[in-house]
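Undergrad: predicted model and sequence below, questions to follow.
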Amino acid sequence: MKIVVIGGTGLIGTKLVDNLRQAGHDVVAASPSKGVNAVTGEGLAEALKGAEVVVDVANSPSFEDKAVLEFFEKSSQNLLAAEAAAGVKHHVALSVVGTERMLESGYFRAKLAQEVLIKASKIPYTIVRATQFFEFINSIAYVATDGQTVRLPSAHVQPIASADVSEALVDFTLGAPVNGTVELAGPDRLALDEFVRRYLTLQKDPREVIADDNAFYFGNIPVNNQSLVPGDNPRIASTRFEDWLSRSTHQG
């Protein structure tokens, strides 16, 4: 089966492409560096010829409000139109758990706009919402840092390894469209401040993590215990945070 992965050279896309190829499928890793640009439409028609499934795991190069909205709207519009012309049978898109609960952020407004476009299209689809990746823990800490202090709310989070996201996406890609949304999460639920504190401690980072429920997530997003965790019946990944921490520390 021919499968096109939009964003096929990124964190999730690279692993997903490898996993699908190992399963014996004809996979196109599509990205601007490969001559396929969903925002401009460049190379889309050629890449999608004969494709049965398209998986969109691309992310915006800019998180500025206007730029990120333009990225997700234009790329989704172009992609869905090209899929309709090519006779694609299944559109799979990676999104974020809690998107509709964090609309103070331009990024999440843009992700919601992407989801709305997918649902309005006639292409059968599966939207896969994942929780925060372990790999973004440095970014969370960086945005919340003031001097040697990291201030974060104690809101619950259920983070996931990016490799587990790529692995789960294989199943959704090869399965039938659900014409709805599914959720992925890691096996451990913990406080956001504790999530970051444990990582920085193991890294021997001198910054002090302070639990402050007036602090924001990623700079401007108020969160509570429901914001960042999945609802009922998510797919739970296998990699525990402790095991990922141990591996990342040894690799470092």
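TA: Nice, thanks for sending it over.

Undergrad: quick check: phi and psi at F241.
TA: When read as degrees, to the nearest 10, the backbone of F241 gives phi -60, psi -40.

Undergrad: identify the residues contacting the nearest residue to it once chain neighbours are set aside.
TA: Closest residue to F241 apart from its sequence neighbours, by C-beta to C-beta, 6 or more residues apart in numbering: D188 at 4.7 Å. No exception for glycine: its C-beta is placed from N, CA and C like everyone else's. By C-beta atoms under 8 Å, 6 or more residues apart in numbering, the contact list for D188 reads 158-159, 240-242.

Undergrad: which among those gets closest to V27?
TA: Nearest to V27 among the contacts of D188 is P159, at 27.3 Å by C-beta to C-beta.

Undergrad: so who does that closest one touch?
TA: By C-beta under 8 Å, 6+ apart, the contact set of P159 is 131-134, 137, 186, 188, 195, 241.

Undergrad: neighbour-wise, which of the residues you listed leads?
TA: Highest neighbour count within the contacts of P159, by other C-beta atoms under 10 Å: G186, with 27 neighbours.

Undergrad: pretty sure that one contacts H156?
TA: No - counting by C-beta atoms under 8 Å, H156 is not a contact partner of G186; they are 11.9 Å apart.

Undergrad: hey, where'd the helices end up in the stretch 151-252 of the chain?
TA: For the stretch 151-252 of the chain, the helices defined by DSSP state H, counting those that start in this stretch cover 162-174, 192-202, 241-251.

Undergrad: redo those helices as CSV? Include mean pLDDT and distance to L79.
TA: As requested, the helices of the stretch 151-252 of the chain are arranged in CSV below (pLDDT from 0 to 100; distance: least, C-beta to C-beta, whole Å):
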stretch, mean pLDDT, distance to L79
helix 162-174, 98, 15
helix 192-202, 96, 33
helix 241-251, 83, 32
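
Undergrad: and of those helices, who's closest to T145?
TA: Closest to T145 of these is helix 192-202 (C-beta to C-beta; 10.0 Å).

Undergrad: rewinding a little: dump the helices of the stretch 151-252 of the chain to CSV, plus distance to L152.
TA: Formatted as CSV, the helices of the stretch 151-252 of the chain follow (distance: least, C-beta to C-beta, whole Å):
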stretch, distance to L152
helix 162-174, 21
helix 192-202, 4
helix 241-251, 16
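
Undergrad: list the contacts of the longest helix along the chain.
TA: If you go by DSSP state H, the chain has its longest helix at helix 65-86. If you take C-beta under 8 Å, 6+ apart as the criterion, helix 65-86 is touched by 6, 38-41, 44-45, 48-51, 54, 56, 58, 60-62, 91, 106-107, 109-111, 113-114, 117-118, 121-123.
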